[in-house]
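need a 3D model of the sequence below.
(one chain, ligands or ions: 2)
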Amino acid sequence: PPRLNEDFLKVVGWADEIRDLGVEANADNGTDAAKARELGAEGIGLCRTEHMFFGDDRLPAMHEMILSENDEQRQVALDKILPMQQSDFEAIFTAMKGLPVTVRLLDPPLHEFMPDLVTQALKVQEMELKGADPTKLAEERRTLAQVKKLHEQNPMLGTRGCRLGMLYPQIPDMQARAIARAALAVLDREGETVDLQIMVPLVHLRQELQRQREIVVAAVDDELDKAGQKLDYLVGTMIELPRAALVADQIAQEADFFSFGTNDLTQTTLGISRDDAENGFLGWYEAQGVVKRDPFATIDVDGVGQLVRMGTEKGRAANPKLSVGVCGEHGGDPDSIAFFQSVGLDYVSCSPFRVPIARFAAAKAKLAQADASK
Ligand code: PEP
Ligand code: MG
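Ligands and ions are numbered 1, 2, ... in the order given. As a prediction, the model looks like this:
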């Protein structure tokens with residue numbers, strides 16, 4: 001566990017008395033969640049579920065789930081994954097001891113979950129050359145045909161986020177059931193509570209959130225009914241595409257909360273790849289003084305910032321109960337936190353190790369704001 005000395009805890013405690021922005025953490029497993037709590041996180045603002053599928057035991061089940069040819073086969077794969085997901089969520093709920101946990105439904109670029117096209121093509125070729133068993137060869141050829149069909153030229157702008165859940169509603173249904181079963185298991189243990197929020201990624205249409213919400217609510221309520229239990233929970237969405245910010249009033253009618261995904265929002269507003277930015281022209285731009293800062297590290301107030309402000313205002317006007325936060329990398333950057341304070345967000349969420357910095361930055365931003373209004 002991190003070593004926190006008493007003086008540090010005292011000073012950061014003073015900051016907590018001043019700030020009004022909530023500080024949560026991004027964590028995907030029980031260990032990181034426990035670390036985040038220890039560093040003062042008031043909840044998990046983003047639990048990314050895609051990393052949970054990368055293990056060797058899980059990827060084949062995911063392939064089956066996406067590549068299977070009928071509902072029956074798909075269900076077999078889902079039944080394999082569901083208990084694994086349940087234990088993932090149980091660990092996080094347990095670590096957070098009743099603090100809010102925001103679980104985001106699967107948000108992968110599809111290609112990360114499928115056999116690689118070239119590797120699969122080479123495999124088939126090798127089997128052909130070696131005269132492999134015809135049944136096995138036919139199976140691998142079928143997989144190759146499916147991978148070709150689903151192959152995307154630009155996966156980051158392809159079947160990502162809730163689009164996957166729209167095409168394969170079994171996935172959000174499975175995840176919602178796993179989340180509900182995990183919450184029920186934790187509730188069953190004496191004295192433990194769960195503050196649950198379920199988040200839909202990469203929405204740009206109201207209809208997407210409406211449909212995903214229906215699937216989630218039906219699945220969670222079914223699990224609760226079967227167990228004869230009650231549990232309040234929220235369903236909300238990431239705002240991480242420019243259109244989502246522009247039509248935030250429409251989307252807010254389906255949402256209990258918004259969380260700005262400023263990583264994708266920066267990528268899609270600037271049209272700059274978040275993965276290639278640093279090593280490419282952005283580094284050169286910075287070196288030449290064309291831009292002062294890396295917009296993926298510190299929020300681009302003039303551009304992306306306008307969308308955050310607009311999305312917040314439109315969302316709250318349409319739904320006054322809406323809670324609004326940010327969970328992109330900017331949530332742990334002090335200058336960006338000052339901007340989020342000026343917009344009036346409810347909370348920021350950042351990597352666990354940045355939580356103490358965010359607590360100080362939120363207090364500093366609050367004091368600066370109070371000074372400016374004198
Ligand atoms: C984001 O886009 O800002 C975000 C938090 O989601 P991810 O980084 O997982 O795409
Ligand atoms: Mg994102």
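
and the lowest-mean-pLDDT helix or strand in the chain, what's buried?
Each helix and strand of the chain was given a mean pLDDT (mean pLDDT, DSSP states H and E); the minimum falls on helix 59-67 at a mean of 82. Using 16 or more other CB atoms under 10 Å as the test for burial, helix 59-67 gives 61, 62, 63, 64, 65, 66, 67. Every C-beta, even on glycine, is put in place using the N, C-alpha and C of the backbone.

same deal with stretch 7-17?
Within stretch 7-17, the residues that count as buried by 16+ other CB under 10 Å are 12, 15.

beta-bridge partners for residue 195, please?
Counting by DSSP bridges, residue 195 forms beta bridges with residue 100.

surely it touches residue 100?
Yes - at 4.3 Å, residue 195 counts as touching residue 100 under the criterion of CB atoms under 8 Å.

what sits in contact with each of those two?
By CB atoms under 8 Å, 6 or more residues apart in numbering, residue 195 and residue 100 have these common neighbours: residue 43.

residue 170: what's it in contact with?
Counting by CB under 8 Å, 6+ apart, residue 170 has contacts 65, 71, 74, 75, 78.

still on that earlier bit, check the offset of the least confident helix or strand of the chain from the chain's centre.
Averaging C-alpha positions (CA atoms, centre = their mean, to the nearest Å) puts helix 59-67 21 Å from its chain's average.

just checking, next helix/strand downstream of it?
helix 71-96 (DSSP states H and E).

how about that next one: buried residues?
Those would be 74, 77-78, 80-82, 85-86, 88-96, for helix 71-96 by 16+ other CB under 10 Å.

ok, now stretch 330-342?
Buried, per 16+ other CB under 10 Å, within stretch 330-342: 330, 331, 332, 333, 336, 337, 338, 339, 340, 341.

and it, does that touch ligand 1?
No - Stretch 330-342 lies out of reach of ligand 1 by CB under 6 Å from any ligand atom, never closer than 8.0 Å.

mind checking if that stretch is in reach of ligand 2?
No - legend: contact between stretch 330-342 and ligand 2 by CB under 5 Å from the ion is lacking; minimum distance shown is 12.1 Å.

give me the neighbour count for the residue of the stretch 51-200 of the chain found nearest ligand 2.
Nearest to ligand 2 in the stretch 51-200 of the chain, going by CB to the ion, is residue 107, at a distance of 6.3 Å. By other CB atoms under 10 Å, 22 other residues sit near residue 107.

for it, list the residues it contacts.
Residues near residue 107 by CB under 8 Å, 6+ apart: 48, 49, 50, 160, 161, 164, 201, 202.

same list (those residues) but as CSV, adding pLDDT, secondary structure and distance to ligand 2.
Formatted as CSV, those follow (pLDDT from 0 to 100; DSSP: H, G, I helix; E, B strand; the rest coil; distance: CB to the ion, whole Å):
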residue, pLDDT, secondary structure, distance to ligand 2
48, 96, strand, 9
49, 95, coil, 13
50, 90, helix, 10
160, 93, coil, 8
161, 95, coil, 7
164, 92, helix, 13
201, 98, coil, 6
202, 98, coil, 6
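
which SS class is the residue of the stretch 51-200 of the chain closest to ligand 2?
Here residue 107 is recorded as coil under DSSP: H, G, I helix; E, B strand; the rest coil.

count of neighbours near the residue nearest to it when sequence neighbours are not counted?
Distances taken as CB to CB, 6 or more residues apart in numbering put residue 201 closest to residue 107, at 3.8 Å, once the chain neighbours are dropped. When neighbours are defined as other CB under 10 Å, residue 201 has 27 of them.

so what's residue 201 up against?
Residue 201 sits in contact with 104, 105, 106, 107, 160, 161, 162, 237, 238, 240, 261, where contact means CB under 8 Å, 6+ apart.

of those, which is the most crowded?
Result: residue 237 is most packed of the contacts of residue 201 (other CB under 10 Å), 32 neighbours.

alright, I will stop here.
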